[in-house]
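Chemist: A structural model of the following input is requested.
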Amino acid sequence: MRLRLDLAYDGTDFHGWAAQPGLRTVEGELTAALGRVLRLPQDPSVTVAGRTDAGVHAAGQVVHLDLAEEVLAGAAGRSDRDPLDALLTRVRGVLPPDIALHRVARAPEGFDARFSPLQRRYRYLISDDPAGFDPLRRRDVVALRTPLDPGAMTEASALLLGLRDFAAFCKRREGATTTRTLLRYDWRRTPDGLIEATVVADAFCHSMVRALIGALVPVGTGQRDLRWPLEVLGAGVRDPRVKVMPAHGLSLVEVTYPDAARMAERAATTRARRPS
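Modeler: Numbering: from 1, shown residues only. This is a model prediction of the structure:
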């Protein structure tokens, strides 16, 4: 049986999503909590929609977990509670305060947290106020001292949309493709005066979002013209002039999936495009 778990976390004190020996990670904390509640001999394996880097936050992360029916039934103990409700409540009780488990549900046939998504949406927050910003936001807002022009940044980022090879904005991994479909990339000033970037794609390669942000900041400050990010993309290699922006300004906001009837089809299509 496959379960879908929806969760959020403050990434500040984690060494990213992926479990690493001797380091505190989101995956490590989640699987330890699941193993404890389900009384498993070893922590279970989970599959995540997006492996966030150290310091990156998530408001809408999705994970799947495969369990035997009798193991799930054990989550309710001797009570007559629904095992899913019992699992949700008990795992919440042992997770650290910087992880919130929102939902546990049976996944539809063919669901794969990593390969079934249609798109992933990220947000990046910047303060460009020379006077500084609310110190309570220091964990999720990056401070810059030079004013930005979100209109110019949106005009430039629109040139990057579509199915393209984003090698110039990715850390290469052996055997992995850097071709992605960038569906949305725009900037706005929020009511509280911050600069907010929204970046949506079918998937992202390693460090892609923070490099895309870094390529547009010089446009916002007037140091580069509107076509410069497109020229960087066209070169097809990492450009040392593109700064990969700090992790703490980035949050995974939402992962969107197709309807239940198309889950398996979507996963098969994605696997055919990218190595597992």
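Chemist: C-alpha only now, for contacts and for neighbours.
Modeler: Fine.
Chemist: and Glu265, backbone torsions?
Modeler: With angles defined as degrees, to the nearest 10, Glu265 sits at phi -60, psi -40.
Chemist: would you map the strands across the chain?
Modeler: Assigned strands in the chain, in chain order: 2-9, 46-48, 57-66, 99-106, 119-127, 142-143, 162-165, 179-189, 195-201, 250-256 (criterion: DSSP state E).
Chemist: indicate which one of those strands is closest to Arg271.
Modeler: strand 179-189 (13.4 Å; Cα to Cα).
Chemist: what lies in contact with the closest one?
Modeler: Residues from elsewhere that reach strand 179-189, judged by Cα atoms under 8 Å, 6 or more residues apart in numbering: 150-151, 153-154, 157-158, 160-167, 195-204.
Chemist: and that strand with strand 119-127, angle?
Modeler: Interaxial angle of strand 179-189 relative to strand 119-127 (axes from the mean of the first three to the mean of the last three Cα atoms, to 10 degrees): 40 degrees.
Chemist: and the contacts of stretch 55-63?
Modeler: With Cα under 8 Å, 6+ apart, stretch 55-63 has contacts from 4-16, 46-50, 113-114, 140, 247-255.
Chemist: separation between the closest residue to Val62 other than its chain neighbours and Thr47?
Modeler: Using Cα to Cα, 6 or more residues apart in numbering and skipping residues adjacent in sequence, the residue nearest Val62 is Asp6, 4.7 Å away. Relative to Thr47, Asp6 is positioned 12 Å away (Cα to Cα, to the nearest Å).
Chemist: Asp10 against Ala54, yeah?
Modeler: No. Using Cα atoms under 8 Å, Asp10 is not in contact with Ala54; the gap is 10.5 Å.
Chemist: gap between the two ends of stretch 250-261?
Modeler: By Cα to Cα, the extent of stretch 250-261 from end to end equals 32 Å.
Chemist: name the residues that touch it?
Modeler: 49, 52, 56-62, 108-109, 111, 116-125, 140, 210, 263, 266.
Chemist: what residue of this structure is the furthest out?
Modeler: Taking Cα atoms, centre = their mean as the measure, the residue most remote from the mean C-alpha position of the chain is Arg78, 37.4 Å away.
Chemist: for that one, what are its contacts?
Modeler: Counting by Cα under 8 Å, 6+ apart, Arg78 has no contacts.
Chemist: same question, the one 5 residues further on
Modeler: Contacts for Pro83 (Cα under 8 Å, 6+ apart) come out as 72-76.
Chemist: turn those into a markdown table, columns for distance to Thr221 and neighbour count.
Modeler: Output for the contacts of Pro83, formatted as a markdown table (distance: Cα to Cα, whole Å; neighbours: other Cα atoms under 10 Å):
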| residue | distance to Thr221 | neighbour count |
| --- | --- | --- |
| Leu72 | 54 | 20 |
| Ala73 | 57 | 17 |
| Gly74 | 57 | 16 |
| Ala75 | 54 | 24 |
| Ala76 | 56 | 19 |
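Chemist: pLDDT score for Ser269?
Modeler: Just to correct that, residue 269 is Thr rather than Ser. Thr269 is assigned a pLDDT of 88 by the prediction.
Chemist: what comes into contact with stretch 199-211?
Modeler: Contacts for stretch 199-211 (Cα under 8 Å, 6+ apart): 117-123, 166, 169-172, 178, 180-186, 242-247, 250.
Chemist: spell out which residues make up each domain of the chain.
Modeler: Domain segmentation of the chain under automatic domain parsing yields 2-106, 119-258.
Chemist: whichever of the contacts of stretch 199-211 end up buried, select them in ChimeraX.
Modeler: Selecting only the buried entries of the contacts of stretch 199-211 in ChimeraX, with 16 or more other Cα atoms under 10 Å as the criterion:
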select :117,118,119,120,121,122,123,166,169,170,172,178,180,181,182,183,184,185,186,242,243,244,245,246,247,250
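Chemist: now tell me which helix or strand of this protein has the poorest mean pLDDT.
Modeler: helix 263-273 (a mean of 86; mean pLDDT, DSSP states H and E).
Chemist: just give me how far that helix sits from the chain centre.
Modeler: When C-alpha coordinates are averaged (Cα atoms, centre = their mean, to the nearest Å), helix 263-273 and its chain have centres 19 Å apart.
Chemist: check stretch 96-105 too.
Modeler: That offset, for stretch 96-105, works out to 16 Å (Cα atoms, centre = their mean).
Chemist: likewise stretch 141-157?
Modeler: Its chain's average C-alpha position is 22 Å from that of stretch 141-157, according to Cα atoms, centre = their mean.
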